[in-house]
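Novice: here is my input, please return the structure:
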Amino acid sequence: MLRWLKIQTNGIRPMKKETQIISLGRDKKWTQGVINPPVYRASTMVFDTMEDLRFAAKNKANGELFYGRRGGPTHFAFQAAIAELEGGVGTALYPSGSAAISNSLLSFLKAGDHLLMVDSVYEPTRDLCHKLLAGYGIETTYYDPMIGDGIEALIQPNTKVLFLESPGSITMEVQDVPTLSRIAHQHDIVVMLDNTWASPINSRPFEMGVDISIQAATKYIVGHSDVMMGTATANEKHWEQLRENSYLLGQCTSPDDVYLASRGLRTLGIRLAQHEQNALKVANWLASRPEVDHLRHPAFESCPGHEFFKRDFSASNGLFSFVLKQGDVHSVTAFVENMQHFKMGFSWGGFESLILGVFGIDKLRTATQWDSSKPLIRLHIGLENVDDLIADLEAAFERYNRVLNA
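Specialist: Predicted coordinates:
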């Protein structure tokens, strides 16, 4: 694992990320001297004078109280923390990760524009392109996540956004983000990255050339599977457009949800370290199983783009997939059902372990091919004792083999 980068904070003294996570967003103007920024529930802000009102209107984009949809101290504290952790200038908040993606795209695309979208993208993002953006007159071209500098051949005169997701959804391909960003910027294209897997602490997206880094805060930031939230953090060049267009689209978040996300943020480092440790133990055990074809874990050489993971990430987490050498819907169903500790469910990033047997990946790809004859299972390794998790998977293999060999 790479060591944490030292980061200069507020011109005071360099600190490491474990300390930064605890310290950020706790300015007294937001906390009023208490440990956690309180929950400020408000729609209307009131002013004593016309001068105060005009000042607030003029500085509403700079953290002055103006109207509830612009946020309050609870929001401002959390936004400042995320922006600094990711290395951007400002962070917009949304009611889900999907909302963060859709509003980021809609903030920079219009009718007649062209979008380059990674082929391994989160399925709802693909649906957005197909079902909504197409109706708005926005054309989408999907590209191989491992395309590298070949992306230049796909750029059109009207290409406005290059969207990355690294690692890719389900199949975990790690993209060469610096190369893709460099080529995109040569053509004045905005680079967006779904950075949820890395969280705000395991990569430095803006140092790799990303313009807008998106998080499904629902996942590791919240960390307890009880809040839906998204964030989009922008660099200086693109922050104002993202902020104002997201506001025009009516996006806002509950201060109660923001409070929970802010509280979850404080334990992000220690949780992710344990998720990573548990997942690596499980992955190494899986790699020794004769039924497993290969692992789709970025920290393993069998994962496409492993070399970029080693270069661009400081650590991994609890989410990865593995591919079986053979099987069908019946044997995979036997594997994933009747688990003791792993639960079946969408999403990930909470304290609990999850399992999914994933079918139909080939139907979600247009620029690449997927061999569906070899079943894929996705795991999120939680914070349970890892020996219990391995025992649960061992029993799953026994069920799988009984059905397969019947």
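Novice: mind listing what Val174 touches?
Specialist: 166-168, 298, 303-306, 308-309, 312-313 (CB atoms under 8 Å, 6 or more residues apart in numbering). Just so you know, the C-beta spots here come from the backbone N, C-alpha and C atoms, and that holds for glycine as well.
Novice: show me which of these is closest to Ile361.
Specialist: Set against Ile361, the nearest of the contacts of Val174 by CB to CB is Gly168 (10.6 Å).
Novice: hang on, the closest one packs against Val118?
Specialist: Yes - using CB atoms under 8 Å, Gly168 is in contact with Val118, at 6.6 Å.
Novice: inside helices: which ones of the contacts of Val174?
Specialist: 306, 308-309, 312 (DSSP state H).
Novice: out of these, which are buried?
Specialist: 306, 308-309, 312 (16 or more other CB atoms under 10 Å).
Novice: now do the helices in the protein.
Specialist: Going by DSSP H, the chain shows helices at 17-23, 28-31, 50-58, 73-86, 97-108, 123-128, 177-186, 236-248, 255-265, 268-287, 306-312, 329-336, 386-404.
Novice: the fourth one packs against which elements?
Specialist: The reference is to helix 73-86. helix 17-23, helix 28-31, strand 90-94, strand 212-215, strand 230-234, helix 255-265 (3 or more CB pairs under 8 Å, 6 or more residues apart in numbering; DSSP states H and E).
Novice: which one of the helices of the chain has the lowest average pLDDT?
Specialist: For the helices of the chain, the weakest mean pLDDT is recorded on helix 28-31, namely a mean of 75.
Novice: now that one - C-alpha only, CSV.
Specialist: Only the C-alpha atoms of helix 28-31 are listed here, as CSV (Å, rounded to 0.1, in the frame of the first residue of the first chain):
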residue,chain,number,x,y,z
LYS,A,28,-16.0,27.3,14.4
LYS,A,29,-18.2,29.4,12.1
TRP,A,30,-20.0,26.1,11.3
THR,A,31,-19.6,24.1,14.5
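Novice: tell me which residues of that helix are tucked away?
Specialist: Trp30.
Novice: again, but for stretch 86-106
Specialist: 86-106.
Novice: from the ones in helices among the contacts of Val174, which is closest to Thr366?
Specialist: Taking CB to CB as the measure, Phe308 is the one of the ones in helices among the contacts of Val174 closest to Thr366, at 22.8 Å.
Novice: ok, the closest one - contacts?
Specialist: 166, 174-177.
Novice: make a markdown table from the residues you listed and add distance to Asn405 to it.
Specialist: Listed next are those as a markdown table, based on distance: CB to CB, whole Å:
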| residue | distance to Asn405 |
| --- | --- |
| Ser166 | 38 |
| Val174 | 35 |
| Gln175 | 39 |
| Asp176 | 42 |
| Val177 | 44 |
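Novice: what's the neighbour count on Asp371?
Specialist: Around Asp371 there are 10 other residues, counting by other CB atoms under 10 Å.
Novice: quick one, what contacts it?
Specialist: Asp362.
Novice: now it: how far from Val190?
Specialist: 34 Å (CB to CB, to the nearest Å).
Novice: burial count for Leu162?
Specialist: Quick note: Leu162 (other CB under 10 Å) scores 26 neighbours.
Novice: do Phe66 as well
Specialist: Phe66, neighbours per other CB under 10 Å, totals 19.
Novice: residue contacts, the closest residue to it other than its chain neighbours?
Specialist: Spatial nearest neighbour of Phe66, excluding adjacent residues (CB to CB, 6 or more residues apart in numbering): Lys60 at 3.8 Å. Neighbouring residues of Lys60 by CB under 8 Å, 6+ apart: 66-67, 70.
Novice: same question, Ala57
Specialist: Ala57 sits next to Phe66 when contact means CB under 8 Å, 6+ apart.
Novice: pretty sure Glu152 contacts Ile183?
Specialist: Yes - assessed by CB under 8 Å, Glu152 is found in contact with Ile183 at 5.2 Å.
Novice: so which of those two has more stuff around it?
Specialist: Relative neighbour count places Ile183 above the other of Glu152 and Ile183, with 19 against 13, counting by other CB under 10 Å.
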